[in-house]
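Student: my questions are about this predicted structure, shown below with the sequence.
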2 protein chains.
Amino acid sequence: MAQLSDNIERFIKELMSEDCQIELRRNELAQHFGCAPSQINYVLATRFSIERGYVIDSRRGGGGYVRILQLRRRGDENLLCTLLDQVGNAIEEDAAHSIIGQLLDLDLITENEANLMVAATAKNALALPVNAKDVLRASVLRSMLTQVFRNLEGRAHT
Amino acid sequence: MAQLSDNIERFIKELMSEDCQIELRRNELAQHFGCAPSQINYVLATRFSIERGYVIDSRRGGGGYVRILQLRRRGDENLLCTLLDQVGNAIEEDAAHSIIGQLLDLDLITENEANLMVAATAKNALALPVNAKDVLRASVLRSMLTQVFRNLEGRAHT
DNA sequence: CGCAGTTTGACCATTACTGACTTTATTATA
DNA sequence: TATAATAAAGTCAGTAATGGTCAAACTGCG
């Protein structure tokens, strides 16, 4: 069953399909969904994090607002470097998923490819008798990321 | 006397006769049969395994669910099992490449997908200070193989 | 009896949601 | 201009709602 959070996420993404930057009132949105205002923060934190390619900017007090900005880095020459940096030497499962999600959002990989990458970096895929999953995940993910960009070379540039 | 597990299996299969993908709440189902929730896991593990052509997908937390997907392409589950067997507990790089090559030959994955799988199972991708690369490669490859067949479900049937 | 298959329960992990309290900005007012 | 009132938004710990794991206990059959 779709949770409140999922609905709010969908709602916000719908708004953002027009423009990659939107502004909203936290309380209004909460009222619209009949939930606690802090629920909005929860959604922002879990679905619109920087790891997922979003930046939140807000202001309190009278006339306050919450601004959501989607990073558009598709043409970024350094995207691969940025992502490799983000991965670093060790990375947790959630963060890895976020990075894969960004590639998907940016249309750099297909859904099937994303699924494969998720599968390769899943906890279960790294079932080793050593406690170094995060390190391992990072190394597998880095290798795949590099390949993603290699794959793109064979594609028309936009 | 029909075992509880058999009843649960029948019940689930009944649900699936409509649609080859269903979603259920573990606790609800357990309550319906008046058993421990973990009983459901037992049934899933023994009756809806990969070997039998099913893939399980689940989520914890509020609004959690268990999704059961039945592979529809006849013969696919056998192929998957064969491949998983071939992979086994440990596999060398060459052998892994050959399996990926088979999938490509059979048109079950795209070239880009094959590239990704190769990248994920490359020697360099498994740079760990332990001497267990073959074991690790096997576990990563098994996870990806299963995903390949899951991906196929979204594709037109032949 | 002994073993394979079944069932359970205790404990764990993850995700969603809320409310009380805090912080900051604007506006009205003495 | 201070100051108080009001109007936002942020934080965080606590609770609820799920599902997962694993070892121990149980059961039926050869």
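Tutor: Everything's here; your move.

Student: which ones are touching the residue at minimal distance from the centre of chain A?
Tutor: Central residue of chain A (CA atoms, centre = their mean): A:R52, 1.9 Å from the mean position. Listed by CB atoms under 8 Å, 6 or more residues apart in numbering or on different chains, the contact partners of A:R52 are A:98, A:101-102, A:105. (Glycine included, C-beta is placed from N, CA and C.)

Student: how many residues are close by A:N41?
Tutor: 15 (other CB atoms under 10 Å in any protein chain shown).

Student: relative to B:Y42, how far out is it?
Tutor: 39 Å (CB to CB, to the nearest Å).

Student: run through chain A and note the low-pLDDT ranges.
Tutor: A:1, A:127-131, A:155-158 (pLDDT under 70).

Student: name the residue most distant from the centre of it?
Tutor: Largest centre distance within chain A, by CA atoms, centre = their mean: A:G62, 30.8 Å.

Student: which of the contacts of A:R52 sit farthest apart?
Tutor: The distance between the two most remote of the contacts of A:R52 (CB to CB) is 10.1 Å, for A:S98 and A:D105.

Student: shared neighbours, the two?
Tutor: With CB under 8 Å, 6+ apart, A:S98 and A:D105 have common neighbours A:52-53.

Student: from A:L83, how far out is the closest residue to DNA strand C within chain A?
Tutor: Among all residues of chain A, A:G61 sits closest to DNA strand C, at 2.2 Å; criterion: CB to the nearest atom of the strand. Applying CB to CB, the value for A:G61 to A:L83 is 37 Å.

Student: which one's more surrounded, these two?
Tutor: Neighbours were counted for A:G61 and for A:L83 using other CB under 10 Å; A:L83 has more, 21 against 5.

Student: would you map out the domains in chain A?
Tutor: Listed domain ranges for chain A are A:4-70, A:79-153 (source: automatic domain parsing).

Student: and those, which is most packed in?
Tutor: Ranked by mean neighbour count, these are led by domain A:79-153 with a mean of 18 (mean count of other CB atoms under 10 Å in any protein chain shown).

Student: can that domain be found next to DNA strand C?
Tutor: Yes: using CB under 7 Å from any atom of the strand, domain A:79-153 reaches DNA strand C at A:D94.

Student: go through the contacts of A:R52 and say which is closest to B:V66.
Tutor: So of those, ranked by how close each gets to B:V66 (CB to CB), first place is A:G101, at 22.8 Å.

Student: need the phi and psi values for the nearest residue to the closest one once chain neighbours are set aside.
Tutor: Spatial nearest neighbour of A:G101, excluding adjacent residues (CB to CB, 6 or more residues apart in numbering or on different chains): A:R52 at 5.8 Å. A:R52 adopts backbone torsions of phi -90, psi 10, taken as degrees, to the nearest 10.

Student: thanks again, I'm all set now.
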